[in-house]
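Colleague: output the structure for:
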Amino acid sequence: MRFGGLHEKAHELRIEKWIDGDGNGMDKPLRLSDLGDGYKILFAFQHWCPGCHSRGFPTLKLLHRQLKDKGVGFAAIQTVFEGAEVNTVDKLRINQESYGLRIPFGQDVPPSGERYPTFMEDYRSGGTPWFTVIDPQGNVVFADFRLDAERFVEALSVETVDLDR
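Modeller: Alright, predicted model coming up:
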């Protein structure tokens, strides 16, 4: 896992452009607290990324289907670190509809004078597809290219059982 701050507090999101789960522009930027009090799964992608479509989005879709009603919050972030002419803001809704994901999608472009988008800088992500998991205490507990959805869902189920004892 490449995240330099693994098990450290998650950074607040600095992404300005978002669409909500229905594809409408949001009046204000999404904050981590908007995703609820439980676990949060942030998925970084690029529209032109083959791995995002062959592995990343299918994993996200499976996680969302199994965990959306269990207090897990989700957001997808297009991190435009290259291919700005292809990875445009209109691709947010295209991907949202294509995968049937009624979650917020954000467009993260590098701030003026910077090379990398804010999510990549703050979370030290290594590219796309990239999964970041934040626990209910606000700590980053996973950050990597691949997330084994079945093992993750199973781990959350075990943790929930243990918390109820």
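
Colleague: now stretch 95-112, how far from the centre of its chain.
Modeller: Taking the mean of its C-alpha atoms, stretch 95-112 sits 9 Å from the chain's own mean (CA atoms, centre = their mean, to the nearest Å).

Colleague: give me the pLDDT for Phe3.
Modeller: Phe3 carries a pLDDT value of 41.

Colleague: would you check how far apart the residue nearest to Gly83 when sequence neighbours are not counted and Gly36 are?
Modeller: Excluding the flanking residues, the one nearest Gly83 by CB to CB, 6 or more residues apart in numbering is Trp48, at 5.3 Å. In this view, the C-beta of every residue, glycine as well, is placed from N, C-alpha and C. In this view, Trp48 and Gly36 are 31 Å apart by CB to CB, to the nearest Å.

Colleague: repeat for Gly106
Modeller: Counting by CB to CB - Gly106 and Gly36 are separated by 17 Å.

Colleague: those two: which has the busier surroundings?
Modeller: Using other CB atoms under 10 Å, the more surrounded residue of Gly106 and Gly36 is Gly106, with 25 against 13.

Colleague: many thanks, we can stop here.
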